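Engineer: Structure, please.
(2 chains)
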Amino acid sequence: MDRISPETIESEIRKLRGELPKRIVDDLRSSLLKVAKNVTLTRDKLDKIIKMVKKAYVDALVEPGEPVGTVAAQSIGEPGTQMTLRTFHYAGVAELNVTLGLPRLIEILDARRAPAAALMEIHLKGELSKDREKAREFARKIEMVTLEDVVSQTETDLINMEFVVTLDRDRIKRKGLVPSEIASKLSENLKSEVITHGYKLRIKPGTPTLPDLRRLAMKAKEVQLSGVKGINRVVIKAEGGKYVVYTEGSNLAEILKMPEVDSTRTTTNDIREIEKVLGIEAARNAIIKEAVNTLEEQGLDVDVRHVMLVADIMTASGEVQQIGRHGISGGKASVLARASFEVTTKHLLEACIRGERDRLKGIIENVIAGQPIPLGTGSVELEMARGERVGRG
Amino acid sequence: MARLPKLIDGISFGLLSPEEIRKMSVTRIVTADTYDEDGYPIERGLMDPRLGVVDPGLRCRTCGMRAGECPGHFGRIELARPVIHVGYAGVIYDCLRATCRKCGRILLPEEDLDYFRRKVEDARATGGDWWDYSKEVISQASKVTECPHCGEKQLRIKLEKPTTFREEKNRLTPSDVRERLERITDSDAMLLGINPEVARPEWMVLTVLPVPPVTVRPSITLETGVRSEDDLTHKLVDVIRINQRLSENIEAGAPHLIVEDLWELLQYHVTTLFDNQVSGVPPARHRSGRTLRTLAQRLKGKEGRFRGNLSGKRVDFSARTVISPDPCISINEIGVPEYIAKILTVPVRVTKYNIEKIRNLVRRGPEVHPGANYVISPDGRRYDLRYADREELAEAIQPGFIVERHLMDGDVVLFNRQPSLHRMSIMAHEVRVMPGRTFRLNLCVCPPYNADFDGDEMNLHVPQSREAQAEARILMRVQEQILSPRFGGPIIGGIQDHITGLYMLTKRGVWLNREQAQQLLAAAGIEPHLPKPAKKEGGVEYWSGKQIFSMLLPKGLNLTYKAKICETQECARCLKENCPIDGYVVIRNGELISGVMDERSCKALSRCEVLDRIVKDYGSDEARRFLDRATRLAIAAAKMFGFTTGIADEDIPKEAREKIEEVLMDASEKVKKLIEVYERGELEQLPGRSLRETLEMRIMELLTEARDKAGEIAEKHLGLDNQAVIMARTGARGSMLNLTQMAGCVGQQSVRGERLSRGYRGRTLPHFKVGDLGPRARGFVESSYKKGLNPTEFFFHAMGGREGLVDTAVRTAQSGYMQRRLINALQDLRVEHDGTVRDDHGHIIQFEYGEDRVDPARTDLGKAVNVDKIIEKVIGVGGS
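Structural biologist: Numbers count the residues shown, from 1 in each chain, chains lettered A, B, ... in the order given. As a prediction, the model looks like this:
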């Protein structure tokens, strides 16, 4: 029989697009092309393969009524018992702390405002990423430096009513700062007079009173001299010939604005921040990515579909909602569902003055009422005419 | 059955008005006493017979029904003075702040009110949360100081938790509050989040108190004949007493102060009747000092009405006992002790086809095993076979009767082990009645239940209706659950001895004579039609272990993969079929050609190729057959060849021991030098770490390396001829790490990922110098488990071990709560016929489940379709 050309395969594959999910079609295409190189592929064999793939796909489809939510929750919850509890672990970059295991998973599902260990992965544009020096320079540029980081000595001069700081030469140099620059930053930030004497800076409070001076001393130490706010520590790591910048602390909005940054690959592990900066779809993908990474790192095998469902319900309303009392569970329409989860009495009392009506559409409500639940076999509403019997008897 | 099915369509919530309370009450309760001297309930007392019956035999004075049928009836207490409902103190506060003290209108100009009114109407029409606007209304209105409607100047109102209101300095009595609430118009109430159709604001201040029926607060009679009343009754007694005193005092014209005091006391009692855990209110106590469990406490929490009785209910037709293993029954089966089978029953309807069989069961009665316990006639009468004339009853049985017969072989039952973390924690089994007192289960189902036999107990439930039985059999049977929906791989499969057994059978050089081969096959339950012997030596026929194993494989099975034992082997190039340890598995047309069976072949919860392929290509029936027989074969093989492990398995030669010591000495030396460098201040700091942290990290690195080296040395002397190694390498049980810890060196003990450091000032134990940073002083265990730990090492080991225990305890609690939240958030989702995922209100969560509509349980480890397998099938082996 005739050998089939790669073009025919391509055209046959094209017909499948839209009919089968992209992943399967791509898989099939690459496998077929690879096979066709070594083995003679005939027309009817190709047809048979395609037919079998189609059938395999149809066989693998979910059954309508399948309780996918519960299955997803179980699939993510059950391995939770096997996870480690150790909060900190040195992963990837040895110098940075990352929250891992169960605490991280809970953090993701809680959709907390600020994760315990925010972390950014910054990729640089084209040439920059290959140059170690350029990457270093960038790292220096974004690392947040406060006055506290560069002083060697501070004193509160009560006679002259001044706050005197002595800058550390080495550290200033390392951070690429000069005293005059620091002085101007300080005076601008603190709105007070700063007198420079070499490496000594004398800061005068607005009014020469003791409380003011104290307040000034406190505030002065925290003045940001350079870098991006929130980026506390920066580490450069070579990955496949390219330099990637990792940071402790995160400020996605500011970092993305920087011209050196490859904004398509730069990310943070702070889901709320992604939501704010890049929108809800990005947040959904971030939840999936973070959750999958957490599970994988623990060596737990969980299908992505489960994680996707969780991410989708967390983001379905248009903003990231927590899995729990202040999110999805608290926002349920059913009074009984809310009451049976947490803060029982509050929900019942509120429902009474509002005159709410529970329509018993959900699962827990029907369990409470002792009725079949609308899932699986219970989702089918079959009616039989009364008085008629099938068969004799 | 006989009853018409009733379905609840919805439940409406609302407040009870005083009129409604009076209307539904059957009597006004006036006396605080419950029973008279003769033990009869006092009329108009808290146990008034009109409130319902709890004692069996009596009839209800209101509805005429018996105990159990009568739902109970409410009474009422007319409060002498109104009191605030604690639960609504906050809402009342909002209402007072937001409305005028004189005219009762909301303190916003009419235009604003119109605006909100429209918003609320819109929200109601679309089914939205109309009450959300109330927050805005209240926060705006409460800032207004002059009423825009009547011009009255507003005074600042304060809520003194829990139930006292103050206007500037003056106390507002509940009566004052109620008056103000009465003035709020219906349309204004709506804007305050109160729906006047079911709840008027003033109803939040109580004038009449409903008295729950006695069925809600049954009293218990102790053996001594002393009646013990329910907590609610106690509380109601308090309310009535104070109420009585209050009204007497008012009538007598007592001084204002006394009336006020009693009023407040009444408020306290009503408050604690509703909720005995209000902050700022001392909880009401029982005479013994125990806090009372009043209304809110009954509903709240894990053991409360909602979570404890409504979401999870107690059931009949269930049993619980200890479990024990039985490798000879199928994975689908469960051994039920006869004494349990005689108690649990299945109802069967008598037909003309089964009538004789059932008559026999009835004759045998409840005492003899396949018998019956009850007969139910078509008119609903129930005959207990313990007392009835069974012979007579058996004759009387007609088609249409229902007989509750004993549990018998082949019945479907649900089997469960807590914690039920996933759906495989409850599966349907077929009954096999057995002697003994424990449930027997096949070892392959241990992983899904997470069961072992160190005293675990499990539950059994007998589905009663035909629908339930069919559903259990078709959807929940063990064989249908082999593939876990979590990752699309088998969760039921071989464990421990199954793996070692198969390994020993299928490894190279296993030759069995006819007798041995047949014995194995018989044990596995395979008909002993032996294939052609693989070799003949000295006139004796021999079969290879692989040949025997192949008899379990379905025809047409083709597989090629690398075995688990291959993983640790470091080969420059794979020799495939000529692998020195036989790690290259080839199966052609159901014939094991090369390679050994180990974890990769059929261990549960792992990437097990053989079992996985069989379930996916041949279906669950074939997979069940394979598992049943393979595990029996494995155990028979293990018994035939013998398998044991002991302390001798960890023996290593003296040279190795010395070498390990050398390595450890070396590491110790290196650490010492490192500490010296650190103390001289010459240690190079890692970026972002303190000097001390850097040192710790470097030391940890050195010691880990030393331990690994020691392990490697030990491993060299532990080959595949060692039984402990066989278990570790085949993945049956344990790991090489465990073995090297026994034979080589245990290694660094840690708490919170750091070397041990706490205990005394600057040292872990008084055996060391202060500030000693050396390996031994900081929890490095140089000994092996076999050699034994010295006292300090033992202590450190216990420290590390303790952390592990604490960790496990904390983790179970945390992950349990996480799962509860996940389930609660996701339980209403289901796939619709159009492939979308929707919640209970039809909101679409996903347009296409999992982006490809594929069921994870039917995937090939996450892949919807295993394209390569299909191509291989069509083109033939070796195509890819």
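
Engineer: Okay, now the unreliable bits of the stretch 51-200 of chain A?
Structural biologist: Across the stretch 51-200 of chain A, the ranges flagged by pLDDT under 70 are A:85-95.

Engineer: Near chain B, which residues of it? Just list them.
Structural biologist: A:52-53, A:56-57, A:59-81, A:83-86, A:88-89, A:94-96, A:102, A:105-106, A:109 (C-beta under 8 Å from any C-beta of the partner chain). No exception for glycine: its C-beta is placed from N, CA and C like everyone else's.

Engineer: Would you map the helices across the stretch 651-800 of chain B?
Structural biologist: With DSSP state H, counting those that start in this stretch as the criterion, the stretch 651-800 of chain B has helices at B:654-679, B:691-716, B:723-730, B:736-743, B:791-826.

Engineer: Can you check which of those gets nearest to chain A?
Structural biologist: When these are compared by C-beta to the nearest C-beta, helix B:791-826 sits nearest chain A, at 2.9 Å.

Engineer: by contact count, what packs against that closest one?
Structural biologist: Counting by 3 or more C-beta pairs under 8 Å, 6 or more residues apart in numbering or on different chains; DSSP states H and E, the packing neighbours recorded for helix B:791-826 are helix A:68-77, helix A:101-110, helix A:304-315, strand B:750-751, strand B:780-781.

Engineer: Next secondary structure after that helix?
Structural biologist: strand B:830-831 (DSSP states H and E).

Engineer: rewinding a little: let me have the helices and strands packed on helix B:791-826 in a markdown table, adding mean neighbour count and distance to residue B:43 as columns.
Structural biologist: Formatted as a markdown table, the helices and strands packed on helix B:791-826 follow (neighbours: other C-beta atoms under 10 Å in any protein chain shown; distance: least, C-beta to C-beta, whole Å):
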| stretch | mean neighbour count | distance to residue B:43 |
| --- | --- | --- |
| helix A:68-77 | 26 | 52 |
| helix A:101-110 | 22 | 57 |
| helix A:304-315 | 24 | 57 |
| strand B:750-751 | 18 | 69 |
| strand B:780-781 | 25 | 79 |
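
Engineer: Compare the ones you listed and give me the one nearest residue B:765.
Structural biologist: Of all the helices and strands packed on helix B:791-826, the one in closest proximity to residue B:765, counting by C-beta to C-beta, is strand B:780-781 (13.2 Å).

Engineer: list the contacts for the closest residue to residue B:852 other than its chain neighbours?
Structural biologist: Closest residue in space to residue B:852, ignoring its immediate chain neighbours: residue A:21 at 3.8 Å, by C-beta to C-beta, 6 or more residues apart in numbering or on different chains. By C-beta atoms under 8 Å, 6 or more residues apart in numbering or on different chains, the contact list for residue A:21 reads A:57, B:851-854, B:864.

Engineer: now residue A:3
Structural biologist: A:40-42.

Engineer: ok, the residues you listed vs residue A:300, which is closest?
Structural biologist: For these, the nearest to residue A:300 is residue A:41 (39.2 Å; C-beta to C-beta).

Engineer: And residue B:301, how far from chain A?
Structural biologist: Distance, residue B:301 to chain A, using C-beta to the nearest C-beta, to the nearest Å: 8 Å.

Engineer: Report the contact partners of that residue.
Structural biologist: Each residue near residue B:301 by C-beta under 8 Å, 6+ apart is listed here: A:344, B:307-308.

Engineer: Surely it is within a strand?
Structural biologist: No - assigned with DSSP: H, G, I helix; E, B strand; the rest coil, residue B:301 falls outside any strand and is coil.

Engineer: Could you list the buried residues of the helix or strand harbouring residue A:15?
Structural biologist: Residue A:15 is located in helix A:6-16, with elements delineated by DSSP H and E. For helix A:6-16, a neighbour-count test (16 or more other C-beta atoms under 10 Å in any protein chain shown) marks A:9, A:12-13, A:16 as buried.

Engineer: ditto for stretch B:863-880
Structural biologist: B:863-875, B:879.

Engineer: which one in those is the model shakiest on?
Structural biologist: The member of those with the lowest pLDDT is residue B:879, at 39.

Engineer: for the stretch 551-700 of chain B, what spans make up the strands?
Structural biologist: Counting by DSSP state E, counting those that start in this stretch, the stretch 551-700 of chain B has strands at residues B:559-562, B:584-588, B:591-594.

Engineer: Mind listing what's buried along the last one?
Structural biologist: In this case it means strand B:591-594. Buried residues in strand B:591-594, defined by neighbour count with 16+ other C-beta under 10 Å: B:591-592, B:594.

Engineer: Can you lay out those as JSON lines showing pLDDT and distance to residue B:25?
Structural biologist: Below are the buried residues of strand B:591-594 laid out as JSON lines (pLDDT from 0 to 100; distance: C-beta to C-beta, whole Å):
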{"residue": "B:591", "pLDDT": "88", "distance to residue B:25": "83"}
{"residue": "B:592", "pLDDT": "89", "distance to residue B:25": "80"}
{"residue": "B:594", "pLDDT": "88", "distance to residue B:25": "85"}
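
Engineer: Helices of the stretch 251-393 of chain A, residue ranges please.
Structural biologist: Assigned by DSSP H, counting those that start in this stretch, the stretch 251-393 of chain A shows helices spanning A:252-257, A:271-278, A:280-297, A:304-315, A:335-341, A:344-354, A:363-369.

Engineer: re the thing from before, ok, and which of the buried residues of strand B:591-594 reach chain A?
Structural biologist: Applying C-beta under 8 Å from any C-beta, the subset of these adjacent to chain A is empty.

Engineer: Just give me the closest of the residues you listed to residue B:425.
Structural biologist: Distances from residue B:425 to the buried residues of strand B:591-594, taken by C-beta to C-beta, are shortest for residue B:592, at 34.1 Å.

Engineer: dump the residue contacts of the closest one.
Structural biologist: B:506, B:546-547, B:549-550, B:553, B:585-586.

Engineer: Distance to residue B:648 added to these, as TSV?
Structural biologist: Converted to TSV, the contacts of residue B:592 look like this (distance: C-beta to C-beta, whole Å):
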residue	distance to residue B:648
B:506	26
B:546	30
B:547	33
B:549	29
B:550	34
B:553	36
B:585	31
B:586	35
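
Engineer: No more questions from me, cheers.
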